[in-house]
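[1] coords below, sequence missing:
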């Protein structure tokens, strides 16, 4: 009888351990990190469809979006550190609440304008240096099966053709660099009015400049517009896993060269 009681007690303790571990993992995820799959091509070639990463929710501080309790009294954001220009950030769309990931370009008080496909930041052009081409296969990508947009005529050639985009290296004030891609010459958002970023707000853009609904587009037409600090979720620091297929179980579509790759 003692042996049976010990066995049952061991099972109970094991179940309790599993429950506690799941609770701790859930709290850890809720407060500190949030998993995020890249669903679209707006951040190519920095981030590809099928990249999986953890978002550092405490990178900038504590907000209503990192609060683990539904009755969280926090409104706005308690900042531990200011977001930095060039950070890749996940945030809630200020209107529809969906999660977006873009690069932070404009800080509060900045003026931002696009002119001939280049950023004019506080009256000064942000330099771009040509860096060849980004090439991918023209085919359905990810669970949604989206076809990539191309600068060349890959769509006319059909599935399996090379889809190319001109790539440049952009250098922001402070020296941070990243790739940007071009699809259209004089695209819809390659030339804009001057935006002045309000206090407590931020201006975001996708690295795949002609394929990104970002702060260049007003919220009235489904764009992001200016993003309030309280809508920031966190900073993307590192890609943990990447799959080019419709499912992560399609191991033959995995991209091992992107595992644990830093987001720059």
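    Structure received. Just so it is clear, the structure is predicted and the values come from calculations on it, not from any experiment. Numbers count the residues shown, from 1 in each chain.
[2] over to residue 101. Which of the three states is it?
    Counting by DSSP: H, G, I helix; E, B strand; the rest coil, the backbone at residue 101 sits in strand.
[3] in space, what's closest to it - neighbours in sequence excluded?
    Nearest non-adjacent residue to residue 101, counting by C-beta to C-beta, 6 or more residues apart in numbering: residue 90, 4.8 Å away. Just so you know, the C-beta spots here come from the backbone N, C-alpha and C atoms, and that holds for glycine as well.
[4] mind listing the residues bridging to the closest residue to residue 127 other than its chain neighbours?
    Excluding the flanking residues, the one nearest residue 127 by C-beta to C-beta, 6+ apart is residue 171, at 5.3 Å. Under DSSP bridges, the beta-bridge partners of residue 171 are residue 177.
[5] what do you get for the one 10 residues further on?
    For residue 181, the beta-bridge partners are residue 167, residue 208 (DSSP bridges).
[6] hang on, isn't it packed against residue 209?
    Yes - at 6.6 Å, residue 181 counts as touching residue 209 under the criterion of C-beta atoms under 8 Å.
[7] measure the closest residue to residue 86 other than its chain neighbours to residue 109 for me?
    Distance criterion C-beta to C-beta, 6+ apart; nearest residue to residue 86, sequence neighbours excluded, is residue 176 at 3.8 Å. Counting by C-beta to C-beta, to the nearest Å, the gap from residue 176 to residue 109 is 19 Å.
[8] so for these two, which sits in the more crowded spot?
    Neighbours per residue, other C-beta atoms under 10 Å: of residue 176 and residue 109, the larger number sits with residue 176, 14 against 11.
[9] tell me the pLDDT at that one?
    Looking at residue 176, its pLDDT stands at 95.
[10] same check on residue 55?
    With respect to pLDDT, residue 55 scores 91.
[11] for residue 251, same thing?
    80.
[12] oh, and call the first residue 322 from now on, that's how I've got it
    In the new count, where the first residue is 322, that last one comes out as residue 572.
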